[in-house]
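*Asks:* Attaching a predicted model along with its sequence, questions to come.
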Amino acid sequence: MTQALSIIMTFAWAAAAVGLAWYVASAASEVTYVTLADGRRQTRSLPVLFKVLLPFVGNLDALMARPSFAKRISALDRMLVSAGFEGLLNGREFAALEVLCPLVTGAVWCAAIALLGTVLPESIFATSGLNICIVGVLIFAVMPRIWLRSELKRRHFSIMKALPFVLDLLTLSVEAGMDFISALHRNCQTRRMDALNEELLRMVHEIQLGASRREALRAMADRVGQPDLRSLAHALVQADEFGVSIGAILRIQSDQLRSRRFDRAEKLAAEAPTKMLGPLMLCIFPSVFIVILGPILMQALNALM
């Protein structure tokens, strides 16, 4: 009877492991995308852990509806929109993921550490299992926030990198006689779809739907939050209000952006020696000492022995 029960339990655990592996594999293979202003779909990559846990975020709706989470959810909504995940993730879902990641994944992590500690009683999993569990839960707790900030930083860097070139194209088009909206529309059609092109396409679409150019520019600046793009939008709004030539403003902004990019490059170049000092001290110098002093130390030990 005991042997039959053991066999049944083994098959049950095996079936559970196979089912879990199948679910994780199917979630990982799912393609996630956002819908752009013109109806096109643009893929967005989400971590596999998010794809696995997203079907369960609805269970925390009552918790996320509490007033104590309202400020956090509002901030997450702004960050997700600025990072380009509008329509794919919202603040409520991401806040629920921040709760589920340490709870669910942390529980699986602790169970795995406990199992390893039982199977390997003399290993570090048995002697320091509690510390490893705490560290794992903390990592899973901060992982969603770190991922969102890295995605936001990556998108802002992409916009900053493409903005001077786009401004040059817009300046040439406007100075050649095209109006600003037509130049924007032409730019969105001819360039490949990147982060900046997505935002410009949305701004053109909002203007076509009836929003004024000032409102569309202010909405883009607030939505993206990238300093260079916000500065450009505010300059164009002021030019529209005071009747200044758009071509002149675009040329001035292009020169300023190139100057800022050059200053940033100089700053990074000046920081490079300091950043190289750590790897140099930790990796290269010990290797040199081992190569030079290793044979001498071996000869000294052989002489002593």
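*Replies:* Done, it's in. Residues are numbered from 1 along each chain as shown.
*Asks:* Apart from its chain neighbours, what residue comes closest to the residue nearest the centre of the chain?
*Replies:* The centroid of the chain falls nearest to E151 when counting by C-alpha atoms, centre = their mean (1.7 Å). Using C-beta to C-beta, 6 or more residues apart in numbering and skipping the chain neighbours, the partner closest in space to E151 is A83 (4.6 Å). The way it works is simple: take the backbone N, C-alpha and C, and place the C-beta from them, glycine included.
*Asks:* Over to R258?
*Replies:* P164 is the one closest to R258 (C-beta to C-beta, 6+ apart), at 5.3 Å.
*Asks:* which is the next helix or strand following the helix or strand of the chain with the lowest mean pLDDT?
*Replies:* Lowest on mean pLDDT, DSSP states H and E among the helices and strands of the chain sits helix 124-127, with a mean of 67. Using DSSP states H and E, the helix or strand that follows helix 124-127 in sequence is helix 129-175.
*Asks:* Check which helices and strands that next one sits against.
*Replies:* helix 70-82, helix 91-100, helix 106-119, helix 180-190, helix 195-208, helix 227-242, helix 246-279 (3 or more C-beta pairs under 8 Å, 6 or more residues apart in numbering; DSSP states H and E).
*Asks:* The shortest one vs helix 129-175, what angle?
*Replies:* Between helix 91-100 and helix 129-175, the angle formed by their directions is 160 degrees, by axes from the mean of the first three to the mean of the last three C-alpha atoms, to 10 degrees.
*Asks:* What mean pLDDT does helix 91-100 get?
*Replies:* For helix 91-100, mean pLDDT is 91.
*Asks:* Ok, the first one next?
*Replies:* Helix 70-82 shows an average pLDDT of 91 in the prediction.
*Asks:* Tabulate the CA atom coordinates of that helix in PDB.
*Replies:* Extracted in PDB, the C-alpha atoms of helix 70-82 (Å, rounded to 0.1, in the frame of the first residue of the first chain):
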ATOM      1  CA  ALA A  70      -3.900  55.100  -6.100                       C
ATOM      2  CA  LYS A  71      -0.800  57.300  -6.200                       C
ATOM      3  CA  ARG A  72       1.500  54.400  -7.000                       C
ATOM      4  CA  ILE A  73      -0.800  53.200  -9.800                       C
ATOM      5  CA  SER A  74      -1.000  56.700 -11.300                       C
ATOM      6  CA  ALA A  75       2.800  57.000 -11.300                       C
ATOM      7  CA  LEU A  76       3.100  53.500 -12.900                       C
ATOM      8  CA  ASP A  77       0.600  54.500 -15.600                       C
ATOM      9  CA  ARG A  78       2.800  57.500 -16.600                       C
ATOM     10  CA  MET A  79       5.900  55.400 -16.600                       C
ATOM     11  CA  LEU A  80       4.400  52.600 -18.700                       C
ATOM     12  CA  VAL A  81       3.100  55.100 -21.200                       C
ATOM     13  CA  SER A  82       6.400  56.800 -21.400                       C
END
